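Fold the following.
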Amino acid sequence: MVETTYNLNDMEEINQTSSEGFILLGLSNVPYLQVICFLVFLLMYIITLSGNLLLIIVVSINRKLQNPMYFFLSNLSIVDIFFSTSIVPKILVNTLAIDKSISFLGCALQMYFSMVFGTTECFILAVMAYDRFAAICRPLHYNTIMNKTLCTSLATGSWGVSVLNSALHVALTFQISYCKSRHINHFFCEMQPLLQLSCRDTLLNEIVMYISTGILGMPSFFFTLISYVQIISTILRIRSSQGRHKAFSTCTSHLTVVVLYYGTLLFMYLRPRSTYSPEIDKTLSILYTVVTPMLNPLVYSVRNKDVKNTVKRKHT
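A predicted model of the protein is given here:
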């Protein structure tokens, strides 16, 4: 009898949440801070869109850039545009709006797409590191290693695995019942804040999350790090001090962005649920969902001579 009552209550809770959705508490409830947040995020979003769109256009019009490195950079730009777009516009609306609600379906879709693009970025960054490793450490065999078939397969595989992985997490997250509150103490629908609202044991969700991060996220991170270690080792053997300094500077900036992205992401998804802190999590989420997509085109392409020359030619 007790079991039947519990299940009926759960169904009632699920139906209520499904019909009413959730309320995103956002970044701040202080009026002047809301205005500042709106302006800052709007500026970052404009920079993200402008930088990544510019890179895609430049690569498409310059035949010299039709190579594996820029193929993956274009993929990264596409990922960053959609990753940022799946989150930032909702932040902008909710920051100034009185109604901060999001439908049950809308929340599920936002979580799904943000996970797809976030996971794909992990893979693309790892693939780009391998591409640079092959170019710098195996220059004579580069064209053989990074052939068109392999590049297409790596890009397609990155997107495919991300789509399946995200679908699994969203399905598991939105089949549980939410009874503690409709208020999500976050600025977008992310897994950890949602699990905090569940009135059921979420151990299965957490186990799947740890396994997924351990199988997909950590190997990508370590593979990227190992590739850059090999690259730096090769760079240090360059005889020209000027060439060594330039290559090392570029490599360091790439590695900084990679560590920023992977570090915050892995910390979010691998730490125990008991250590959950809404304010810390918001800060970490901003770094990998908003800051990194903005920095990527600046770090990977703006300093590149071929990209700058193409832009200059189009302006003259």
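
residue ranges with poor pLDDT in the stretch 101-250 of the chain?
Residues of the stretch 101-250 of the chain meeting the criterion pLDDT under 70: 240, 242-244, 246.

The same query, at a cut-off of 80, please.
180-181, 238-250 (pLDDT under 80).

quick one: the strands in it?
101-102, 183-184 (DSSP state E, counting those that start in this stretch).

for the first one, packing partners?
With contacts defined as 3 or more C-beta pairs under 8 Å, 6 or more residues apart in numbering; DSSP states H and E, the packing partners of strand 101-102 are strand 22-24. Where you see a C-beta, it was placed from the backbone N, CA and C, and this is true even at glycine.

Swap in 10 Å and give it another go.
Counting contacts by 3 or more C-beta pairs under 10 Å, 6 or more residues apart in numbering; DSSP states H and E, strand 101-102 is packed against strand 22-24, helix 88-96, helix 104-137.

hang on, the earlier thing: pipe the strands of the stretch 101-250 of the chain into JSON lines and attach mean neighbour count per row.
Shown next, in JSON lines, are the strands of the stretch 101-250 of the chain (neighbours: other C-beta atoms under 10 Å):
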{"stretch": "strand 101-102", "mean neighbour count": "18"}
{"stretch": "strand 183-184", "mean neighbour count": "18"}
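
right, and these - which one's nearest residue 33?
Among those, strand 183-184 comes nearest to residue 33, with 18.7 Å by C-beta to C-beta.

Out of the strands of the stretch 101-250 of the chain, the one nearest residue 288 is which?
Closest of the strands of the stretch 101-250 of the chain to residue 288 is strand 183-184, at 18.1 Å (criterion: C-beta to C-beta).

Which secondary structure elements does that closest one sit against?
strand 22-24, helix 191-195.

Let me see the mean pLDDT of the helix or strand that the first one is followed by.
In this case it means strand 22-24. Next along the chain after strand 22-24, taking DSSP states H and E as the criterion, comes helix 31-61. For helix 31-61, mean pLDDT is 92.

quick revisit: reformat the helices and strands packed on strand 183-184 as a markdown table; add distance to residue 94 and mean neighbour count.
Formatted as a markdown table, those follow (distance: least, C-beta to C-beta, whole Å; neighbours: other C-beta atoms under 10 Å):
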| stretch | distance to residue 94 | mean neighbour count |
| --- | --- | --- |
| strand 22-24 | 5 | 21 |
| helix 191-195 | 14 | 20 |
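
Turn these into TSV, including distance to residue 134.
Converted to TSV, these look like this (distance: least, C-beta to C-beta, whole Å):
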stretch	distance to residue 134
strand 22-24	43
helix 191-195	35
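
between these, which one is nearest to residue 158?
helix 191-195 (20.4 Å).

on contacts alone, who are the packing partners of the closest one?
Against helix 191-195 (3+ C-beta pairs under 10 Å, 6+ apart) you get strand 22-24, helix 104-137, helix 148-173, strand 183-184, helix 203-212, helix 241-270, helix 278-286.

Could I get those in CSV, plus columns for distance to residue 87?
Output for the helices and strands packed on helix 191-195, formatted as CSV (distance: least, C-beta to C-beta, whole Å):
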stretch, distance to residue 87
strand 22-24, 11
helix 104-137, 6
helix 148-173, 14
strand 183-184, 13
helix 203-212, 19
helix 241-270, 14
helix 278-286, 9
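
correct me, but residue 97 touches residue 89?
No. Using C-beta atoms under 10 Å as the test, residue 97 is too far from residue 89 to be in contact (11.8 Å).

need the contact list for residue 299.
Residue 299 makes contact with 51, 250, 253-258, 292, according to C-beta atoms under 10 Å, 6 or more residues apart in numbering.

Assumed it was part of a helix.
Yes. Assessed with DSSP: H, G, I helix; E, B strand; the rest coil, residue 299 lies in a helix.

In TSV: the strands of the stretch 101-250 of the chain, plus distance to residue 142.
Output for the strands of the stretch 101-250 of the chain, formatted as TSV (distance: least, C-beta to C-beta, whole Å):
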stretch	distance to residue 142
strand 101-102	47
strand 183-184	47
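
quick revisit: from the contacts of residue 299, which is closest to residue 221?
residue 258 (8.1 Å).

was I right about the closest one contacting residue 128?
Yes. Look at residue 258 against residue 128 with C-beta under 10 Å: they come within range, at 9.0 Å.

so what's in contact with the two at the same time?
What both residue 258 and residue 128 touch, as defined by C-beta under 10 Å, 6+ apart, is the set 224, 227.
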